[in-house]
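J.: I'll drop the sequence and a predicted model, then ask my questions.
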Amino acid sequence: MILAVTMNPSVDISYQVDQFKLDDVNRVEHVRKTAGGKGLNVARVIVQMGENVLATGVLGGTIGEYIIQELNKSSIPNTFLKIEKESRNCIAILHEGMQTEILETGPTLSVEEGKAFIDKYEDLLSSVSLVTISGSLPKGLPPDFYCKMVGITQGRGVPVILDTSGEALKQVLLHDEKPFAIKPNTTELSQLLGTDVNNDTNSIQQALKHAMFRGIEWIIVSMGSEGAFVRHLADDYRVTIPKIDVINPVGSGDATVAGFAVAMQREKSTETLLKTAMVTGMLNAMEAGTGSINMKKFDQYFDLVKVEKID
């Protein structure tokens, strides 16, 4: 079973308006509310792929209860550390071909709550074979909190796929215990290294020479519509994807993580694993719902993804 961790979940609220007016009233007819957070998107796609998953993290208040209700409606097994503080809302206003986001920071966790989650996490590891950790840390937790989680997971011999950014990612990469896989994009690589990294293969290869990336078995560098650059141990791959009609790109990176995790769980070959990850990311972008894929289209697009080993 795959354990999908979301430390700072949210209710994602999407407002569609023809024209967004500042300092005025904006009336909304179509509202979409989703149990959100990167790890919950991962869990949702894993379920749609027919694999066993358990969603976990930290939730609180009436918003937290709503998230659990929505997960149960989608038949996503879950077990969260429950706190009294309220979980967060994240609002996206879709207007005139643009997306304006208003993101609450969420609850501030105490030292005791952080320790309580680690205890719960250690208990859950006994029944899973793969872990995904996605998204930001809640306020109150130290920036090296994911380092502790990765160390515990690797110590149990369970592979962990980490999809985060900023200081939380940097702390993990500077630590001795490295995750099994990471999924940065070129912007995140640029921020980590303090230098410009673009979608050029040579640029990415140069960036990945940095010592902080040593010891990571899989590094999947997202290149958006251009596909991905992937390093597996000593081998580099260029993965290209077909053009698609994008409806909602939000959550495509999470769907990519889900596809990678499922293919890894099923012990697929390198080529099949990478193609699966790319296809699930594409399928998410082709649907209106975040963390939603149409598996009926999987085989069609799987055949259109190309994986080329770079000498």
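T.: Everything's here; your move.

J.: show me the contacts for the nearest residue to G36 once chain neighbours are set aside.
T.: Leaving aside its chain neighbours, G36 sits nearest to D12 (3.2 Å; criterion: C-beta to C-beta, 6 or more residues apart in numbering). C-betas here are computed from N, CA, C, even on glycine. By C-beta atoms under 8 Å, 6 or more residues apart in numbering, the residues touching D12 are R32, K33, T34, A35, G36, N89, C90, A92, T290.

J.: from E96, how far off is D12?
T.: Distance, D12 to E96, using C-beta to C-beta, to the nearest Å: 20 Å.

J.: would you map the strands across the stretch 51-200 of the chain?
T.: Counting by DSSP state E, counting those that start in this stretch, one finds strands in the stretch 51-200 of the chain at the ranges 53-60, 81-83, 88-95, 98-103, 130-134, 160-163, 181-182.

J.: I'd like to know which of the ones you listed lies nearest to A116.
T.: Between A116 and the strands of the stretch 51-200 of the chain, the shortest separation by C-beta to C-beta is 5.8 Å, and it involves strand 81-83.

J.: show me what the closest one is packed against.
T.: strand 53-60, helix 111-125 (3 or more C-beta pairs under 8 Å, 6 or more residues apart in numbering; DSSP states H and E).

J.: partner strands of it and their direction?
T.: Next to strand 81-83 in the sheet, as set by DSSP bridges, lie strand 53-60 (parallel).

J.: so the strand it pairs with versus strand 88-95, what angle?
T.: 100 degrees (axes from the mean of the first three to the mean of the last three C-alpha atoms, to 10 degrees).

J.: so which bits of strand 53-60 are buried?
T.: V53, L54, A55, T56, G57, V58, L59, G60 (16 or more other C-beta atoms under 10 Å).

J.: can you tell me which of those residues is nearest I161?
T.: Distance to I161 across the buried residues of strand 53-60 (C-beta to C-beta) is lowest for V53, with 12.7 Å.

J.: sorry, back to before: assumed the residue nearest to G36 was part of a strand.
T.: Yes - assessed with DSSP: H, G, I helix; E, B strand; the rest coil, D12 lies in a strand.

J.: do you know how far it is from L130?
T.: On the measure of C-beta to C-beta, D12 and L130 end up 25 Å apart.

J.: so which of the strands of the stretch 51-200 of the chain gets nearest I310?
T.: strand 181-182 (18.5 Å).

J.: could I get the average pLDDT for that closest one?
T.: For strand 181-182, the mean pLDDT works out to 98.

J.: and that strand, how far from the chain's centre?
T.: 11 Å (C-alpha atoms, centre = their mean, to the nearest Å).

J.: need the contact partners of it.
T.: So strand 181-182 is contacted by 159-163, 169, 173, 216-220, 260 (C-beta under 8 Å, 6+ apart).

J.: of those residues, select the buried ones using a PyMOL command.
T.: Buried subset of the contacts of strand 181-182, written as a PyMOL selection, criterion 16+ other C-beta under 10 Å:
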select buried, resi 159+160+161+162+163+169+173+216+218+219+220+260
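
J.: so can I have TSV of the contacts of strand 181-182 showing distance to D299 and pLDDT?
T.: Shown next, in TSV, are these (distance: C-beta to C-beta, whole Å; pLDDT from 0 to 100):
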residue	distance to D299	pLDDT
P159	27	97
V160	30	98
I161	24	98
L162	30	98
D163	26	97
L169	34	95
L173	36	96
I216	31	97
E217	28	97
W218	24	98
I219	27	98
I220	22	97
F260	18	98
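
J.: tell me the helices and strands packed up against the host helix or strand of T280.
T.: Assigned by DSSP states H and E, T280 falls within helix 270-285. Judged by 3+ C-beta pairs under 8 Å, 6+ apart, helix 270-285 is in contact with strand 228-232, strand 235-240, helix 252-265, helix 298-302, strand 306-310.

J.: okay, the last one in PDB with CA atoms only?
T.: What it means is strand 306-310. C-alpha atoms of strand 306-310 as PDB (Å, rounded to 0.1, in the frame of the first residue of the first chain):
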ATOM      1  CA  LYS A 306       8.700   8.900 -26.000                       C
ATOM      2  CA  VAL A 307      11.600   8.000 -23.600                       C
ATOM      3  CA  GLU A 308      15.100   8.500 -24.900                       C
ATOM      4  CA  LYS A 309      18.200   7.600 -23.000                       C
ATOM      5  CA  ILE A 310      20.900  10.300 -23.200                       C
END
